[in-house]
Each structure stands twice: as C-alpha cells, then as structure tokens.
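Peer 1: the following block contains a protein sequence and its predicted model.
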Amino acid sequence: DKILLDAPCSGMGVIARDPSVKLQRSIKDIQRSAHLQKQLLLSAIDMVDAHSKTGGVVVYSTCSITVFENEEVVDYALNKRYVKVV
C-alpha cells in the first residue's frame, strides 16, 4: 500500500513566485491548514495496510515552508500512530 498525500496548505512556500501570498495569509489560516493536514495524515496512515509487502508507505507533501504545516504535522502523527519516518 502506498499513499501520496499532497495536502492543501497555506502556500507559504511559493512566496518567491507570488509575494502576495504572504500578505493574504494570517496565522489563523496556517493553523486551519495544519489542523486539516493532521486529520488527512492520520486518515492516510489508517488507510495503508501495515501487513502489506511494503509495510505501507505514506508520502506527505505540502508547498509550505512553515514548521506548523510540516514538522509539527509529522510529529503529531508520530505521537498518534505507531509509524516511523524513513
């Protein structure tokens, strides 16, 4: 089982191409995105079969560079599910 989760995000990683993104996003927007990303990541983890040949693989991706939407989301999943980062 393999899942690619290209999660919806705040878009903070595209500021170099579109500087208006920085002005259009608030901390609330980033928090909302992170909350949704946590839910989606846990759902993706729950959908893969740990007993499959690959052991189940989830690839998590965003176009954001914020810690809230990347490291904190992954840390959240690591604390909520028995998974590892490879």
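Peer 2: Right, received. Where do you want to start? Here the structure is a predicted model, which means the values were calculated and not measured.

Peer 1: quick check: Ser10 touching Ile65?
Peer 2: No - with contact defined as C-beta atoms under 8 Å, Ser10 and Ile65 do not form a contacting pair (9.5 Å). Any C-beta I mention is one placed from the backbone N, CA and C, and that applies to glycine too.

Peer 1: comparing these two, which residue is more hemmed in?
Peer 2: The residue with more neighbours, out of Ser10 and Ile65, is Ser10; 26 against 14, by other C-beta atoms under 10 Å.

Peer 1: can you classify the more buried one as helix, strand or coil?
Peer 2: Classification of Ser10 using DSSP: H, G, I helix; E, B strand; the rest coil returns coil.

Peer 1: same check on Val58?
Peer 2: On the three-state scheme (three-state DSSP), Val58 is labelled strand.

Peer 1: so what's it up against?
Peer 2: Taking C-beta atoms under 8 Å, 6 or more residues apart in numbering as the definition of contact, the neighbours of Val58 are Lys2, Ile3, Leu5, Leu41, Ala44, Ile45, Val48, Val83.

Peer 1: and the gap between it and Gln37?
Peer 2: To Gln37, Val58 is 12 Å away according to C-beta to C-beta, to the nearest Å.

Peer 1: burial count for Met12?
Peer 2: Using other C-beta under 10 Å: Met12 sits among 19 other residues.

Peer 1: wait, it sits on Ile30?
Peer 2: Yes - Met12 sits in contact with Ile30 when judged by C-beta under 8 Å, with a separation of 7.3 Å.

Peer 1: that'll do, ta.
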